[in-house]
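A.B. asks: Mind folding the following:
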Amino acid sequence: MRPLRFVALGDSLTEGVGDPVEGGRRGWAALLADGLGPGVEFTNLAVSGSQTRDVLDRQLSAALALRPDIVSVVIGVNDTLRCTFDIHAVAARLDEIYGAFRERGVVLLTACLPDPGTMLGLPGALARPLARRQRAVNTVVHALSERYGAVHLHASEGAWLTDRAMWSADRLHPGERGHRQLAVRFHALLTEAGIATGPAPSTEPDFPAPTRSASVWWLATAGTGWVARRCTDLLPQLLTLAAAEVRHKARGTSARLDLSASHAVASALAALAVSERRPEVA
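C.D. replies: Sure thing, here's the model as predicted:
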């Protein structure tokens, strides 16, 4: 029998940003791979900055060619940070990605994630639109994970989000402790399912958590460039969304924005259900 093959797809979170080691990055998926069992073959295809479109167009075919037994698809935050965000498109892409693996009998790992506005500590009018988008993505991931029988991790809530020691200097990516936390939680789910047979990853880090001064230094150096790149793409639209938040709050109609987002998610999932029922034309 060949060794168990685990392939990880996604963005900077799965690539290992926030968990640097000698020679590169490690990350939660690599930590998890060590606990799946003896002789696991692990391949990390995740690329920083990826969106659902990138996973579908580039990472999916590469992953299928490796004939994995287990695959993780943790993606979506970068979609919410783009002016092109469309929950219908996100849902359709995830449905195609998940379906491609499940029809081949691959064990699928998924996760819902915290919204970036809250993690960055943005003002309410700026944070709420991003939170609404991330809730929409998480709702789709929840629904499709259930549809395809994925091993799903609820990572968008819990005490770990407010524990500063869990996060890297940029406040967007987990630090080593956070990556270990994700690996341990996924390992527990896979052990319960009878898939993981190796020891759980350690929760104890090899390196100290970043200090507050390190966070300030990151923002003053690398963080400035990161914010500038995102602002070029997202800021004009985000300011428009923030203005709408302020107007609705003043009128007492903020619930309409949440209702509109909920309707969009329901419509996106309904469209997928209709496409599944539609007979093929000969």
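A.B. asks: C-alpha from now on. contacts and neighbour counts both.
C.D. replies: Noted.
A.B. asks: Could you pull out the buried residues of the host helix or strand of residue 92?
C.D. replies: Taking DSSP states H and E as the definition, residue 92 sits inside helix 87-102. Residues of helix 87-102 classed as buried: 87, 88, 90, 91, 92, 93, 94, 95, 97, 98, 99, 101 (neighbour count, 16 or more other CA atoms under 10 Å).
A.B. asks: Surely the first one touches residue 263?
C.D. replies: No. Contact criterion CA atoms under 8 Å: residue 87 and residue 263 do not qualify, at 10.7 Å.
A.B. asks: gap between the closest residue to residue 53 other than its chain neighbours and residue 123?
C.D. replies: Closest residue to residue 53 apart from its sequence neighbours, by CA to CA, 6 or more residues apart in numbering: residue 93 at 6.8 Å. Applying CA to CA, to the nearest Å, the value for residue 93 to residue 123 is 31 Å.
A.B. asks: which residues touch residue 55?
C.D. replies: Counting by CA atoms under 8 Å, 6 or more residues apart in numbering, residue 55 makes contact with 9, 10, 97.
A.B. asks: meant to ask about residue 13
C.D. replies: With CA under 8 Å, 6+ apart, residue 13 has these contacts: 27, 48, 173, 174.
A.B. asks: possible to save the buried residues of helix 87-102 as CSV with distance to residue 73?
C.D. replies: CSV is the format used below for those (distance: CA to CA, whole Å):
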residue, distance to residue 73
87, 17
88, 18
90, 13
91, 13
92, 14
93, 12
94, 9
95, 11
97, 8
98, 8
99, 12
101, 10
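A.B. asks: what residues are up against the residue nearest to residue 53?
C.D. replies: For residue 93, the contact set (CA under 8 Å, 6+ apart) comprises 52, 53, 56.
A.B. asks: Out of these, flag the one nearest to residue 203.
C.D. replies: The nearest member of the contacts of residue 93 to residue 203, counting by CA to CA, is residue 52 at 29.7 Å.
A.B. asks: Tell me if I'm right that the closest one and residue 76 touch.
C.D. replies: Yes. Counting by CA under 8 Å, residue 52 does reach residue 76; the two are 6.1 Å apart.
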